[in-house]
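Trainee: predicted structure and sequence below. I'll ask about it afterward.
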Amino acid sequence: MKILVLSGQSDKHNVQHALSLGAADFIAKPCDPQLLKARLDHHLMILEAELQGPEEATSGIELLGESPAMDALRSQIARFADTPFPVLIEGESGTGKELVAQLLHEQSERAAAPFVSVNCAAFTPELLEAQLFGHAKGAFTGATNAKAGFFEDAGEGTLLLDEVGEFPLALQPKLLRVLENGEYYRVGETRPRQAQARVIAATNRDLLEEIRNGSFRHDLYHRLSVLTIDVPPLRERGNDSLLLMEHFRALYAEKVPPFVLDDQAAERWSRYTFPGNVRELRNIVIRLGAKYPGAHIGLTELEAEFDSQSQIDGDSVKQLTAGGFRLDEILSSWEQRYIEAALKLADGNLSEAARLLGVNRTTLYSKIQRLKGGDAADV
């Protein structure tokens, strides 16, 4: 489903934030009907390309990336694929957790059996129980026929419980029973049934925190996490963002002439941290292709597509993850640099330097003493 936002609240921050959350486009009100029609037509064309193009976005269930993090992920999938145990896939939104689950299924002996995915956040507790386990005829209002649930549909294949952190607390004991002995009941039946499917769960939540909050059972967590896979965010994947851009740009080339980033834009692309991960990257490629088909794109056009409200500076991320980071030392270093620059501009006059820095003379004097560890007059 493509979501286009039509809103009068069209300042830059709202537009960029909506796009980073997954909107395909943002159209400001008031809007000319012909412009709206053109934008809708274009997104229908993009949707057709996605559904009928030579390749699906998953590239035939393939994990794209040449970074060490992706090599490690592929190796872990290969090791876990053919085991019968549950796997818990953890990772930020948009990193490709469902794709990892599909690969676990495709590389296992269950590959010929069904792969069934259910989003646990998409149903009310009552409806989720009926969807998972099935129901008998007349079990509730509207149940005019008996119906099999996802466990039965999966057969001896794989059942993915996506967004398992949203699994209703009241229903968790029934899921735990299935994981312990394979036993479950259709809603409205008293005869137990036996599940054969392998269970894989995925979440972008910290389940240990959910346990502390009382919204997730500790025993269920341990049943689900016999094996765990942590899918790396895009900011930890080096130059994979450029490789993915090339992939998605080529994927839609049949319908939209590929754009080209100039040197500045390409360098900025490699530094952007993509808080929405691969999903955000893919949406940005689609938007750039829609707005600038076949064109050269500069830094200004590219920056307009980034989410200014959720960006993390790439250099800051590298410093934080390198180890040995000390915030006090960094702040002191910056403070000293500005003080020294102000004193130089003011030819050593403390009052003028304090004016340039926006502090009073006494405060500046104290800071100089603290930073230099001596007499401020020596600075």
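Mentor: Sure, I can see it. Numbers count the residues shown, from 1 in each chain.
Trainee: what count of nearby residues applies to T141?
Mentor: 6 (other C-beta atoms under 10 Å). For every residue, glycine as well, the C-beta is placed using N, CA and C.
Trainee: pLDDT wise, what is it at?
Mentor: Looking at T141, its pLDDT reads 73.
Trainee: with L127 instead?
Mentor: Value listed for L127 in the pLDDT field: 82.
Trainee: what's it sitting at in phi/psi?
Mentor: phi -70, psi -40 (degrees, to the nearest 10).
Trainee: helices of the stretch 1-150 of the chain, start to end?
Mentor: 12-20, 33-52, 68-80, 97-106, 125-133, 150-154 (DSSP state H, counting those that start in this stretch).
Trainee: JSON lines please, covering those and showing distance to H296 and mean neighbour count.
Mentor: Converted to JSON lines, the helices of the stretch 1-150 of the chain look like this (distance: least, C-beta to C-beta, whole Å; neighbours: other C-beta atoms under 10 Å):
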{"stretch": "helix 12-20", "distance to H296": "21", "mean neighbour count": "18"}
{"stretch": "helix 33-52", "distance to H296": "20", "mean neighbour count": "13"}
{"stretch": "helix 68-80", "distance to H296": "30", "mean neighbour count": "16"}
{"stretch": "helix 97-106", "distance to H296": "32", "mean neighbour count": "21"}
{"stretch": "helix 125-133", "distance to H296": "49", "mean neighbour count": "19"}
{"stretch": "helix 150-154", "distance to H296": "48", "mean neighbour count": "21"}
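Trainee: give me the next element, helix or strand, following the helix or strand bottoming out on mean pLDDT in the chain.
Mentor: Of all helical and strand segments in the chain, the minimum by mean pLDDT, DSSP states H and E falls on helix 314-321, at a mean of 60. The helix or strand immediately downstream of helix 314-321 is helix 327-345, counting by DSSP states H and E.
Trainee: list the helices and strands that following helix packs on?
Mentor: helix 350-357, helix 361-372 (3 or more C-beta pairs under 8 Å, 6 or more residues apart in numbering; DSSP states H and E).
Trainee: which of these sits most buried?
Mentor: Highest mean neighbour count of the helices and strands packed on helix 327-345: helix 350-357, a mean of 17 (counted as mean count of other C-beta atoms under 10 Å).
Trainee: that helix vs helix 327-345, what angle?
Mentor: Here the directions of helix 350-357 and helix 327-345 differ by 120 degrees (axes from the mean of the first three to the mean of the last three C-alpha atoms, to 10 degrees).
Trainee: which neighbouring elements make contact with helix 350-357?
Mentor: Looks like helix 350-357 contacts helix 327-345, helix 361-372 (3+ C-beta pairs under 8 Å, 6+ apart).
Trainee: V231 is nearest to which of these?
Mentor: helix 327-345 (28.7 Å; C-beta to C-beta).
Trainee: what lies in contact with the closest one?
Mentor: 319, 350, 352-354, 356-357, 364, 367-368, 371, 379 (C-beta atoms under 8 Å, 6 or more residues apart in numbering).
Trainee: may I see the buried residues of it?
Mentor: Residues 336, 339, 342-343 are the ones in helix 327-345 that count as buried (16 or more other C-beta atoms under 10 Å).
Trainee: what's the spacing between that helix and its chain's center?
Mentor: Remark: helix 327-345 is offset 37 Å from the chain centroid, using C-alpha atoms, centre = their mean, to the nearest Å.
Trainee: try stretch 223-240
Mentor: 11 Å.
Trainee: could I get the helices and strands packed on helix 350-357 in JSON lines, plus columns for mean pLDDT?
Mentor: Listed next are the helices and strands packed on helix 350-357 as JSON lines, based on pLDDT from 0 to 100:
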{"stretch": "helix 327-345", "mean pLDDT": "86"}
{"stretch": "helix 361-372", "mean pLDDT": "84"}
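Trainee: and these as a markdown table, adding distance to A295?
Mentor: Formatted as a markdown table, the helices and strands packed on helix 350-357 follow (distance: least, C-beta to C-beta, whole Å):
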| stretch | distance to A295 |
| --- | --- |
| helix 327-345 | 39 |
| helix 361-372 | 50 |
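Trainee: of those, which is nearest E183?
Mentor: Among the helices and strands packed on helix 350-357, helix 327-345 comes nearest to E183, with 52.9 Å by C-beta to C-beta.
Trainee: kindly format the C-alpha coordinates of the closest one as PDB.
Mentor: Output in PDB follows, covering the C-alpha atoms of helix 327-345 (Å, rounded to 0.1, in the frame of the first residue of the first chain):
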ATOM      1  CA  LEU A 327      31.700  13.600  26.700                       C
ATOM      2  CA  ASP A 328      33.300  16.000  29.200                       C
ATOM      3  CA  GLU A 329      36.600  15.900  27.300                       C
ATOM      4  CA  ILE A 330      34.900  16.700  24.000                       C
ATOM      5  CA  LEU A 331      32.900  19.600  25.500                       C
ATOM      6  CA  SER A 332      36.000  21.000  27.200                       C
ATOM      7  CA  SER A 333      37.900  20.800  23.900                       C
ATOM      8  CA  TRP A 334      35.200  22.700  22.000                       C
ATOM      9  CA  GLU A 335      34.900  25.300  24.800                       C
ATOM     10  CA  GLN A 336      38.600  25.900  24.800                       C
ATOM     11  CA  ARG A 337      38.700  26.300  21.000                       C
ATOM     12  CA  TYR A 338      36.000  29.000  21.000                       C
ATOM     13  CA  ILE A 339      37.600  30.800  24.000                       C
ATOM     14  CA  GLU A 340      40.900  30.900  22.200                       C
ATOM     15  CA  ALA A 341      39.300  32.100  19.000                       C
ATOM     16  CA  ALA A 342      37.400  34.800  20.800                       C
ATOM     17  CA  LEU A 343      40.600  36.000  22.700                       C
ATOM     18  CA  LYS A 344      42.500  36.100  19.400                       C
ATOM     19  CA  LEU A 345      39.700  38.200  17.800                       C
END
